[in-house]
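# Build me a model:
(2 chains)
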Amino acid sequence: MYKAKPSYKKLKDSENFNHFGSPVKHYKLINDEEINVTDLPKELENHLIKVEEKKKRSK
Amino acid sequence: MAETNFQAQSNISLLFAKDDSTTALGTAHDASDTWLALPVISFSMPHDSAALDVGPQRSGTHVQLENQMRHRRDLNTWTFDVSFKGTPTAILAVCQWAFGDGATSADFAATVGIGNGTSNSTIMKHGTAYANHTTVVFSNAGSDTTANDIVVKGCIVQSFTIKEAVGSDAGQLICDATFWTAYAPSEAANTIAADSTDTAAPKSIFSKNTTTFNSEALVLDSWDMTCSRSLERISSQDYSSYLPFGYTQTSPWEVTGTLSAKRDDSVYDALSVLQGASAGVNISIDESSGFTLDIPDAMVDASSINDGGSHLFQTIPYRASAATPTANVWTLAIS
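Below is the predicted model:
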């Protein structure tokens, strides 16, 4: 799971997650929510911070 | 004298625009965007036409008069179907145009709405920039000798199915998508060329090594998952351009599918779930790497025995839901 660093919010649409195919992830980051990314684009590595994954709900 | 040009179906190829940033709804993507030549198997094509509305009949006349008629271009929407091979690029692109998350893991959350990125939004406005719609070019599909392409803008995916079966398509993952737009297709001479041709191998049912249903390991013969919703155009800005004010999603997303598994002890162990326990169970369909589909809350909808082959299969129709208004209905990690 990842959250946005302040620098992410300054990226242009041609640089943020809109560019990488996910307006949903972009808006979550803008709203300080966590996102699930399995292949983090290299260009975004410096603008996101890894956070500990929450435990899944057990069935 | 009759025109000499003609259109061979086999000569038509499709290009899909993937946003470089965002594009205003109602504007065609341009050369600065990434144009994908995705692995299309089959397709249908939209055509600019309108339904004819017939006004009331004048008393004392016994034919319909020309001035009774009205073409309802203000109500127009267009759909067309495209089947893709299930490569990671094709699947993620369809996810982007359906619910706005085309970056793995694609998370189909309860909040996706129409897919423009904003949680629970069900509208898209003409002229507002979004990253969840595409422009599709049907190269060589135009009927004119020079305006020989069909360009369709403002396309989003209304419904899609991903599926694999041992007995069809060599076990390859297939994605059937229905695209929807309220902008008229145009016939034009389009000079866009592919920036990227997707030549990756499609995912395969023969690579699935872990499939569980309520933690019971299943041997799948086939599986599918369909996500669908209703879309409508918002009126018409005027009665000359017939441009819509925007789009709205008019029904919730519905996620349904079917597992067909070898009928064995695992099926028996899941008997209480198959009987109907009114509680969601987890479905996981995984490869050793590069494909993890997780459906955390699926309810069985009238399971049955398929005895039409050499051995028995259990058919398990399911409907997936979200545990909470913000939870995921399913997630797909694909690479």
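# how about stretch B:280-291: buried residues?
B:280-281, B:283-287, B:291 (16 or more other C-beta atoms under 10 Å in any protein chain shown). Placement of C-beta: from N, CA and C, glycine included.
# That stretch near chain A at all?
Yes: Stretch B:280-291 is in contact with chain A by C-beta under 8 Å from any C-beta of the partner chain, via B:280-282.
# What of stretch B:177-184?
No: between stretch B:177-184 and chain A, judged by C-beta under 8 Å from any C-beta, nothing touches; the nearest distance is 15.3 Å.
# what about that stretch, average pLDDT?
In this model, stretch B:177-184 carries a mean pLDDT of 98.
# do the same with stretch B:114-134
Average pLDDT, stretch B:114-134: 98.
# now the end-to-end length of it.
End-to-end distance of stretch B:114-134 (C-alpha to C-alpha, to the nearest Å): 14 Å.
# Quick check, pLDDT for the closest residue to chain B within chain A.
Across chain A, the shortest distance to chain B (C-beta to the nearest C-beta) belongs to A:Pro23, at 3.0 Å. Model confidence at A:Pro23, given as pLDDT, is 97.
# now swap in the one 5 residues further on and tell me
Per-residue confidence (pLDDT) for A:Lys28: 97.
# which helices and strands sit right next to the helix or strand containing it?
Here A:Lys28, judged by DSSP states H and E, is contained in helix A:23-30. Judged by 3 or more C-beta pairs under 8 Å, 6 or more residues apart in numbering or on different chains; DSSP states H and E, the packing partners of helix A:23-30 are strand A:2-4.
# which ones are touching the closest residue in space to B:Asp20 that isn't next to it in sequence?
For B:Asp20, ignoring the flanking residues on the chain, the nearest one in space by C-beta to C-beta, 6 or more residues apart in numbering or on different chains is B:Asp33 at 4.8 Å. Contacts for B:Asp33 (C-beta atoms under 8 Å, 6 or more residues apart in numbering or on different chains) come out as B:17-20, B:23, B:135.
# Try it again at 6 Å.
For B:Asp33, the contact set (C-beta atoms under 6 Å, 6 or more residues apart in numbering or on different chains) comprises B:17, B:19-20.
# what about B:Asp238, how many neighbours?
Each residue near B:Asp238 was counted by other C-beta atoms under 10 Å in any protein chain shown, and the total is 8.
# For it, give me phi and psi.
phi -160, psi 180 (degrees, to the nearest 10).
# Give me the pLDDT value at it.
97.
# Next: A:Lys54.
pLDDT recorded at A:Lys54 is 62.
# Tell me the buried residues in the helix or strand harbouring B:Val273?
Per DSSP H and E: B:Val273 is located in helix B:271-275. Neighbour counts over helix B:271-275 (16+ other C-beta under 10 Å) mark B:273-274 as buried.
# re the thing from before, tell me the buried residues in the helix holding A:Lys28?
Under 16+ other C-beta under 10 Å, the buried positions of helix A:23-30 are A:23-29.
# Could you pull up the residues touching the closest residue to chain A within the stretch 101-250 of chain B?
Among all residues of the stretch 101-250 of chain B, B:Gly117 sits closest to chain A, at 3.0 Å; criterion: C-beta to the nearest C-beta. By C-beta under 6 Å, 6+ apart, the contact set of B:Gly117 is A:23-24, A:26-27, B:100.
# For it, which non-adjacent residue is spatially closest?
A:Pro23 (3.0 Å).
# try B:Ala327
Using C-beta to C-beta, 6+ apart, the closest residue to B:Ala327 is B:Ala110 (5.8 Å).
# how deep is that neighbour tucked in, by neighbour count?
With other C-beta under 10 Å as criterion, B:Ala110 counts 18.
# Report how many residues lie close to residue 40.
Went with chain A since none was named. Counted with other C-beta under 10 Å, A:Leu40 comes out at 15.
# nope, chain B
With other C-beta under 10 Å as criterion, B:Val40 counts 17.
# okay, now the residue lying closest to it once chain neighbours are set aside: neighbour count?
Excluding the flanking residues, the one nearest B:Val40 by C-beta to C-beta, 6+ apart is B:Leu14, at 5.1 Å. Using other C-beta under 10 Å, B:Leu14 is surrounded by 20 other residues.
# before we move on, what about B:Asp169?
18.
# Quick check, pLDDT for it.
Value listed for B:Asp169 in the pLDDT field: 97.
# One more: B:Gln7?
On the pLDDT scale, B:Gln7 gets 86.
# Any figure for the gap between it and chain A?
The spacing between B:Gln7 and chain A, counted by C-beta to the nearest C-beta, to the nearest Å, is 32 Å.
# Over to B:Thr34?
B:Thr34 is 9 Å from chain A, by C-beta to the nearest C-beta.
# In contact with that residue, which residues are there?
So B:Thr34 contacts B:18, B:195 (C-beta under 6 Å, 6+ apart).
# For it, name its beta-bridge partners.
Beta-bridge partners for B:Thr34, by DSSP bridges, are B:Lys18.
# Check the gap between it and B:Tyr318 for me.
According to C-beta to C-beta, to the nearest Å, B:Thr34 and B:Tyr318 sit 35 Å apart.
# can you list the residues of chain A near chain B?
Counting by C-beta under 6 Å from any C-beta of the partner chain, chain A comes close to chain B at A:13-14, A:18-27, A:36, A:38-39, A:59.
# dump the residue contacts of the residue of chain A closest to chain B.
Contacts of A:Pro23 (C-beta under 6 Å, 6+ apart): B:100, B:117, B:131-132.
# run the last query once more with 7 Å
Residues in contact with A:Pro23 (C-beta atoms under 7 Å, 6 or more residues apart in numbering or on different chains) are B:100, B:116-117, B:130-132.
# In the stretch 201-335 of chain B, which residue sits nearest chain A?
B:Ala333 (4.3 Å).
# Check which helices and strands the helix or strand hosting that residue is in contact with.
Secondary structure from DSSP H and E places B:Ala333 in strand B:328-334. Using 3 or more C-beta pairs under 7 Å, 6 or more residues apart in numbering or on different chains; DSSP states H and E, the elements in contact with strand B:328-334 are helix B:88-99, strand B:106-109, strand B:291-300.
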